[in-house]
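A.B. asks: Turn this into a model:
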Amino acid sequence: MIQITDEMPETWVRALAEAVEGYGYEIEDAHEAAIVVELPTDAAQALHADEDQDKLVIGWAGDDESDEPGTVHWGLSGDAAHIDRVETFADETDEIDTIAARVHRLLRTGRTEPRQVQHAVPYAEISDACRCPTAYPCRGIVPAADCPEHGGTRAPAMSWHWEETCI
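C.D. replies: Next comes the predicted model:
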């Protein structure tokens with residue numbers, strides 16, 4: 001069983017909280033047991049959070065047999081005290097900036113690691129007829145072949161880029 005431990009050094013907590021705030025996220029609480037980030041609406045949607053889960057909780061987690069910190073974990077919570085499912089985030093030896101970037105990516109895309117997906121932002125407004133997936137922070141799309149606006153027969157003007165460059 002994984003448990004979040006009360007072993008995070010104050011300097012580490014403060015540094016990570018400040019780095020996450022640097023991306024524009026609100027830190028609700030930060031102490032030796034957890035860093036609690038208030039979920040913006042778009043982050044809650046990216047994470048498929050339940051209606052009552054409005055907080056991202058970050059902490060060190062280890063196993064029951066060891067007092068040593070394990071890896072950095074995260075989970076969604078409504079009260080910042082109970083987490084239904086704990087997910088692995090990063091190794092505690094990762095640099096603070098790397099972990100903060102993973103927090104940012106997680107809150108923007110729902111994933112901690114980047115994908116190499118090329119996508120585009122159409123120059124024209126996207127209408128309701130569009131069938132292309134738009135799960136990117138830049139509101140970019142991966143054109144669907146059968147889309148009446150962006151499919152193979154239309155060839156609209158678009159600005160192409162890789163996912164990791166738009167986060």
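
A.B. asks: hey, let's count contacts and neighbours off CA atoms from now on
C.D. replies: Noted.

A.B. asks: Distance check, the closest residue to P9 other than its chain neighbours against T71.
C.D. replies: Closest residue in space to P9, ignoring its immediate chain neighbours: E32 at 6.3 Å, by CA to CA, 6 or more residues apart in numbering. According to CA to CA, to the nearest Å, E32 and T71 sit 15 Å apart.

A.B. asks: Can you tell me the closest non-neighbouring residue to C138?
C.D. replies: Counting by CA to CA, 6+ apart, the residue nearest C138 is C166, at 6.1 Å.

A.B. asks: Check what pLDDT the one you found gets.
C.D. replies: With respect to pLDDT, C166 scores 70.

A.B. asks: Okay, and the residue nearest to P9 sits in which element?
C.D. replies: Counting by DSSP states H and E, no helix or strand carries E32.

A.B. asks: residues contacting it?
C.D. replies: By CA atoms under 8 Å, 6 or more residues apart in numbering, the residues touching E32 are 6-10, 13.

A.B. asks: does the residue positioned nearest the centre of the chain count as helix, strand or coil?
C.D. replies: For the chain, the residue nearest the mean C-alpha position is L106 (1.0 Å; CA atoms, centre = their mean). Per DSSP: H, G, I helix; E, B strand; the rest coil, the secondary structure class of L106 is helix.

A.B. asks: show me the contacts for it.
C.D. replies: 43, 46-47, 112-113.

A.B. asks: L76: which of those residues is nearest?
C.D. replies: L47 (8.8 Å; CA to CA).
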